[in-house]
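[1] Need coordinates for the below:
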Amino acid sequence: MNDVAIPLVAIVGFKRNRFAPLGGMRVLTVRDGVIRLQGKNGTDLESEVAALTARLTRTRTVRLESAAGSAYIYGFAQLSKLPDALSQIVIRESAGAELIGPCPPGALGVMSPKNVTGAAKVSRALADALHERGVG
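    Okay, the predicted model is just below:
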């Protein structure tokens, strides 16, 4: 990871495996060399950046894989209902961070220059931002 890389925060869709028809919402954070997928009931995936791989799939999801486990994430073009617990995580983690995709009111970070419309383009921006921070 680049020592000067700013933290990353994004609200993402989440699936445990590629065959799951629907997933839930999570908050993706990359800070201090650690990537976390946090949900309203705790952390689903936590790994060192160097120990993680991220691959954009044909279905425009991003497959995250490490020794700690794997998950599929995808971007949102817009938010409908965001649980309060996730909104609080975004607001708490967003100070000084790069924000990708839609964010709730009160987020304090800087919108990414990669901020784009369309879920597939948001997923691509997430994959690119992870690679910029040292994810394999």
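[2] Tell me the secondary structure of the residue nearest the centre of the chain, please.
    The centroid of the chain falls nearest to Leu28 when counting by C-alpha atoms, centre = their mean (3.2 Å). Using DSSP: H, G, I helix; E, B strand; the rest coil, the structure places Leu28 in strand.
[3] Looking at strand pairing, list the partners for it.
    Ala10, Leu37 (DSSP bridges).
[4] how close does it get to Lys121?
    16 Å (C-beta to C-beta, to the nearest Å). Quick note: C-beta positions are derived from backbone N, CA and C, even for glycine.
[5] Direction included, what does the lowest-mean-pLDDT helix or strand in the chain pair up with?
    In the chain, the helix or strand scored least confidently by mean pLDDT, DSSP states H and E is strand 110-111, which has a mean of 71. Each strand that pairs with strand 110-111, with its direction, by DSSP bridges: strand 98-100 (parallel).
[6] So for the strand it pairs with, mean pLDDT?
    Averaged across strand 98-100, pLDDT comes to 87.
[7] contact partners of that strand?
    6-10, 75, 107, 109-112, 114-115, 122, 125-126, 129 (C-beta atoms under 8 Å, 6 or more residues apart in numbering).
[8] in the sheet, who's paired with Gly69?
    Ser66.
[9] avg pLDDT for the longest helix along the chain?
    Identified as the longest helix of the chain according to DSSP state H is helix 119-132. The average pLDDT within helix 119-132 is 86.
[10] so where is the chain shaky, pLDDT-wise?
    Residues of the chain meeting the criterion pLDDT under 70: 1-4, 112-117.
[11] redo that, cut-off 50
    For the chain, applying pLDDT under 50 flags the ranges 1-2.
[12] Which parts of the protein are strands?
    8-15, 24-31, 34-39, 42-48, 53-56, 62-66, 69-75, 98-100, 110-111 (DSSP state E).
[13] Run a quick neighbour tally on Met25.
    17 (other C-beta atoms under 10 Å).
[14] begin at 50 from here
    Happy to do that; since the first residue is 50 now, the last one works out to Met74.
[15] Relative to His180, how far out is it?
    Met74 is 23 Å from His180, by C-beta to C-beta.
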